[in-house]
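> coords please:
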Amino acid sequence: MDIVIKSEKRQGLGKNAARRLRAQGFIPAVLYGESMDSVPLVLNKKDVVRIMKLESGENTIFRVGFDAEEYDAMIRELQVEPATDELLHVDLIRIAMDKPIRVTVPIVHRGDPVGVKAEGGFIDFVTREVDVECLPRDIPEGIEIDISGLHIQQVFKVENVTPPAGVRILTEPGTALVLISVPHKEEEFPGEKPEEAVAEEAKEPEVIKKERAVKEEAEK
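Now for the predicted structure:
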């Protein structure tokens, strides 16, 4: 799917200019890459949201056009206001389609582990993404792993992954992706029951209160 985003160079810089753009439904952005100076741009917020809703998300390759030119690009970083989730700024990186690129892709799990179905364990998704290197056209939406054969206390590691053709995994081979764990037992309180411990904790504020009252009386 070819996606083309129309843009224009950003004239006004600074926080006030950025606020005005966002109020009008636009997002300040910058495009940078090898053998080019960084270019401040203005993007339509709807275009950015549309890309992020795709399965490929930030790994989506699209063309951004301005000044009668178009460049292959990807979203490198999104700046978001934590309190409101408002999109504040977008960093775009120019892509050379004939050169390898490093990206992060999600792990897609297939199958129900035997350690969960038949042995009473539970599944722990330790690492959900891996770093890979490949040509832009070979970027996978995700890397599938079959975890159906995992027994209790077994681990599926990066070294067990078979990557798609043209993709090299950069994450350390010993990194755990999935672990089938033994259910945790309830913690026991040595020498007393949990109820007794709670009762003791409930008494402490009263003791402190009485000691404070005695001290205040002595100071009168």
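
> can you confirm residue 144 is in a strand?
Yes. Counting by DSSP: H, G, I helix; E, B strand; the rest coil, residue 144 falls inside a strand.

> so it is in contact with residue 110, correct?
Yes. Between residue 144 and residue 110 there is a contact at 5.6 Å, judged by Cβ atoms under 8 Å. Where C-beta positions appear, they are placed from N, C-alpha and C, glycine not excepted.

> neighbour count winner among these two?
Applying other Cβ atoms under 10 Å to residue 144 and residue 110 shows that residue 144 carries more neighbours, namely 13 against 9.

> tell me the contacts of the most centrally placed residue in the chain?
In the chain, the centroid-proximal residue (Cα atoms, centre = their mean) is residue 129; its distance is 8.3 Å. By Cβ atoms under 8 Å, 6 or more residues apart in numbering, the contact set of residue 129 is 104-107.

> could those go into CSV alongside pLDDT and secondary structure?
CSV is the format used below for those (pLDDT from 0 to 100; DSSP: H, G, I helix; E, B strand; the rest coil):
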residue, pLDDT, secondary structure
104, 96, strand
105, 96, strand
106, 96, strand
107, 97, strand
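
> now the strands: where do they sit in the protein?
Listed in chain order, the strands found in the chain under DSSP state E are 4-6, 8-9, 26-33, 36-44, 62-66, 69-80, 87-94, 101-110, 122-125, 129-134, 143-146, 155-157, 168-169, 176-181.

> next, the angle strand 62-66 makes with the fourth one.
Taking axes from the mean of the first three to the mean of the last three Cα atoms, to 10 degrees, one finds strand 36-44 and strand 62-66 inclined to each other by 90 degrees.

> strand 36-44 packs against which elements?
Here strand 36-44 touches strand 4-6, strand 8-9, strand 26-33, strand 62-66, strand 87-94, going by 3 or more Cβ pairs under 8 Å, 6 or more residues apart in numbering; DSSP states H and E.

> the first one now?
In terms of contact count using 3+ Cβ pairs under 8 Å, 6+ apart, strand 4-6 is assigned the packing partners strand 36-44, strand 62-66.

> packed most tightly, which of those strands would that be?
strand 62-66 (a mean of 18; mean count of other Cβ atoms under 10 Å).

> residue 183 and residue 152: what is the separation?
The gap separating residue 183 from residue 152 is 10 Å, by Cβ to Cβ, to the nearest Å.

> the more surrounded of those two?
residue 152 (18 against 8).

> per-residue pLDDT, residue 11?
Reading off the confidence values, residue 11 has pLDDT 84.

> on that earlier part again, need the residues touching each of residue 183 and residue 152.
120-121.
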